[in-house]
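> below: sequence and its predicted model.
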Amino acid sequence: MASVIADQTPRLTSLSPGAGCACKLPLAKLEALFAAMGPAPFMNTGPAAGDLLIGAAEGDDAAVLRLDEDRALVLTTDFFTPIVDDPADWGRIAAANALSDVYAMGGRPLFAVNLAAWPGDGLDIAILAQVLRGGAQVAAEAGCFVAGGHTIDDPVPKYGLAVVGLADPAALMTIDRAAPGDQLILTKAIGTGVIATALKRGTPDPEVVAAAVASMILLNAGASRAALAAGVKAATDVTGFGLLGHLHRMLAASGVAARIRAAAVPLLPGAADLAAAGYVSGGTRANTDRMRAVTTLDAAVPAELAVLLHDAQTSGGLLLAAPPGAASALLSALRDQGLPAALIGQVVDGEPGHVHVYHGPF
């Protein structure tokens with residue numbers, strides 16, 4: 001992890017009420033926003049049509065515009081407040097998080113521009129330089145050029161990227177193609193939200209923080225390639241709406257339901273203990289409230305595990321709906337990359353968007 005400027009005051013995580021993707025507007029408020037907008041002639045809020053393959057109405061991870069039979073542009077943006085105190089690590093995490101939307105669609109990033117907000121007075125601009133260098137480092141690892149960007153004066157620091165990627169229109173992974181029988185595979189462990197909240201409020205075990213940072217910095221590039229090779233058609237990445245929230249959105253878009261085995265969901269080291277100790281963000285509480293009406297939670301699921309299933313993630317893994325015949329080989333391919341990938345459930349017929357969470361076997 002990069003070294004923090006010695007006289008940095010205050011800690012970066014103290015400068016915002018929310019950390020990382022937990023600072024996103026809750027899903028319920030976003031749903032209300034789109035409902036309030038209604039038909040908007042100045043922007044395409046209806047179903048995608050023509051060369052616009054994925055637009056606002058689809059609610060997917062990124063917008064997709066077909067260029068020709070073999071190429072489609074993937075466009076996304078993501079930025080957030082500090083999730084760790086190390087500036088370079090924050091930059092790395094924010095960049096990996098923004099690039100993840102392209103990987104979730106089955107694309108590869110081409111180039112990006114920085115988006116940054118920074119206090120004009122009171123916080124050393126050299127710290128922002130560390131943030132930008134961290135972001136550029138991860139973008140370079142992805143083979144993605146960073147070509148400038150935009151900064152504004154803001155009392156709450158924020159950083160992220162707007163990213164353009166390229167994908168094969170015939171091999172897109174979208175949220176609306178999960179089918180009964182598909183096996184649900186999660187490629188990264190969850191728990192970044194409770195760990196970030198503990199870091200913001202106190203002094204969690206440095207090894208716990210280091211494991212979370214390593215997970216958040218890790219690109220979803222390899223997982224995306226493995227999913228494409230396995231013929232996966234339905235996928236999303238797990239970020240601010242939590243595992244159950246992002247799964248619900250996939251299921252609702254696909255007109256199906258799912259069964260999840262809670263005990264099979266991989267957890268980051270220390271996450272369960274921190275959840276049990278009450279390190280729960282406002283974003284996670286909003287996720288829990290939103291999902292209550294569409295989730296059946298087995299009474300045997302421990303309270304701390306229930307929290308983590310709703311935990312607002314930052315730069316989480318991919319959630320893949322793999323065809324039954326491809327799931328085993330895909331899981332092996334992901335684990336061969338060193339990923340803590342796990343088979344956590346299956347897609348079933350049922351009320352669209354509903355998730356039944358079991359503790360033991362289905």
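Cool, the structure landed.

> could you list every residue that touches the residue positioned nearest the centre of the chain?
Nearest to the geometric centre of the chain sits residue 239, at 2.6 Å (Cα atoms, centre = their mean). Going by Cβ atoms under 8 Å, 6 or more residues apart in numbering, residue 239 touches 21, 24, 78, 97, 100, 246, 312, 313, 314, 315, 316. Glycine gets a C-beta too; all of them are placed from N, C-alpha and C.

> which of those fall in helices?
97, 100, 246 (DSSP state H).

> neighbour count, distance to residue 356 and pLDDT for the contacts of residue 239 - can I get that in CSV?
Below are the contacts of residue 239 laid out as CSV (neighbours: other Cβ atoms under 10 Å; distance: Cβ to Cβ, whole Å; pLDDT from 0 to 100):
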residue, neighbour count, distance to residue 356, pLDDT
21, 29, 25, 51
24, 19, 26, 63
78, 24, 30, 95
97, 28, 29, 97
100, 33, 27, 97
246, 23, 16, 96
312, 32, 22, 96
313, 33, 21, 96
314, 30, 27, 96
315, 32, 28, 97
316, 30, 22, 98
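
> hang on, the earlier thing: over to the residue nearest to the centre of the chain: give its phi and psi.
phi -130, psi -130 (degrees, to the nearest 10).

> from the ones in helices among the contacts of residue 239, pick the one nearest residue 211.
Proximity of the ones in helices among the contacts of residue 239 to residue 211 (Cβ to Cβ) peaks at residue 97, which lies at 17.0 Å.

> for the closest residue to residue 65 other than its chain neighbours, give the beta-bridge partners.
For residue 65, ignoring the flanking residues on the chain, the nearest one in space by Cβ to Cβ, 6 or more residues apart in numbering is residue 73 at 4.8 Å. Beta bridges link residue 73 to residue 65, residue 166 when assigned by DSSP bridges.

> surely residue 73 and residue 164 touch.
Yes - using Cβ atoms under 8 Å, residue 73 is in contact with residue 164, at 6.1 Å.

> now do the helices in the stretch 101-250 of the chain.
Secondary structure of the stretch 101-250 of the chain by DSSP state H, counting those that start in this stretch: the helices cover 125-141, 192-201, 206-217, 221-229, 242-254.

> among those, which is nearest residue 336?
helix 221-229 (8.7 Å).

> elements contacting the closest one?
helix 87-104, strand 318-322, helix 324-336 (3 or more Cβ pairs under 8 Å, 6 or more residues apart in numbering; DSSP states H and E).

> so which bits of that helix are buried?
For helix 221-229, burial by neighbour count (16 or more other Cβ atoms under 10 Å) applies to 221, 222, 223, 224, 226, 227, 228.

> check stretch 198-211 too.
198, 199, 200, 204, 208, 209, 211.

> what do you get for stretch 326-341?
Quick answer for stretch 326-341 (16+ other Cβ under 10 Å): 326, 327, 330, 331, 333, 334, 339, 341.

> which residues touch it?
Residues contacting stretch 326-341 (Cβ under 8 Å, 6+ apart): 183, 185-189, 222-223, 226-227, 229-232, 266, 317, 320, 322, 342-343.

> buried by neighbour count, from the residues you listed: which ones?
For the contacts of stretch 326-341, buried by 16+ other Cβ under 10 Å: 183, 185-189, 222-223, 226-227, 230, 232, 266, 317, 320, 322, 342-343.

> low-confidence ranges in the chain?
For the chain, the stretches with pLDDT under 70 are 1-9, 18-27, 29-49, 57-58, 362.

> mind putting the buried residues of stretch 198-211 into TSV with distance to residue 307?
Formatted as TSV, the buried residues of stretch 198-211 follow (distance: Cβ to Cβ, whole Å):
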residue	distance to residue 307
198	13
199	17
200	16
204	16
208	16
209	19
211	18
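
> residue 88: which of those residues is nearest?
Nearest to residue 88 among those, with distances taken as Cβ to Cβ, is residue 209, at 14.4 Å.

> about what we covered before: closest one to residue 157 among the helices and strands packed on helix 221-229?
For those, the distance to residue 157 is smallest for helix 87-104, at 8.6 Å, taking Cβ to Cβ.

> C-alpha coordinates for the closest one, PDB please?
In PDB, the C-alpha atoms belonging to helix 87-104 read as follows (Å, rounded to 0.1, in the frame of the first residue of the first chain):
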ATOM      1  CA  PRO A  87      -4.700   8.300  -1.300                       C
ATOM      2  CA  ALA A  88      -3.100   6.000  -3.900                       C
ATOM      3  CA  ASP A  89      -5.200   3.000  -2.700                       C
ATOM      4  CA  TRP A  90      -8.400   5.100  -3.000                       C
ATOM      5  CA  GLY A  91      -7.400   6.000  -6.600                       C
ATOM      6  CA  ARG A  92      -6.700   2.300  -7.400                       C
ATOM      7  CA  ILE A  93     -10.000   1.200  -5.900                       C
ATOM      8  CA  ALA A  94     -12.100   3.900  -7.600                       C
ATOM      9  CA  ALA A  95     -10.500   3.100 -11.000                       C
ATOM     10  CA  ALA A  96     -11.000  -0.700 -10.600                       C
ATOM     11  CA  ASN A  97     -14.600   0.000  -9.600                       C
ATOM     12  CA  ALA A  98     -15.300   2.200 -12.700                       C
ATOM     13  CA  LEU A  99     -13.700  -0.300 -15.100                       C
ATOM     14  CA  SER A 100     -15.700  -3.100 -13.600                       C
ATOM     15  CA  ASP A 101     -18.900  -1.900 -15.300                       C
ATOM     16  CA  VAL A 102     -17.200  -2.600 -18.700                       C
ATOM     17  CA  TYR A 103     -16.100  -6.000 -17.600                       C
ATOM     18  CA  ALA A 104     -19.600  -6.800 -16.400                       C
END
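
> no further questions, thank you.
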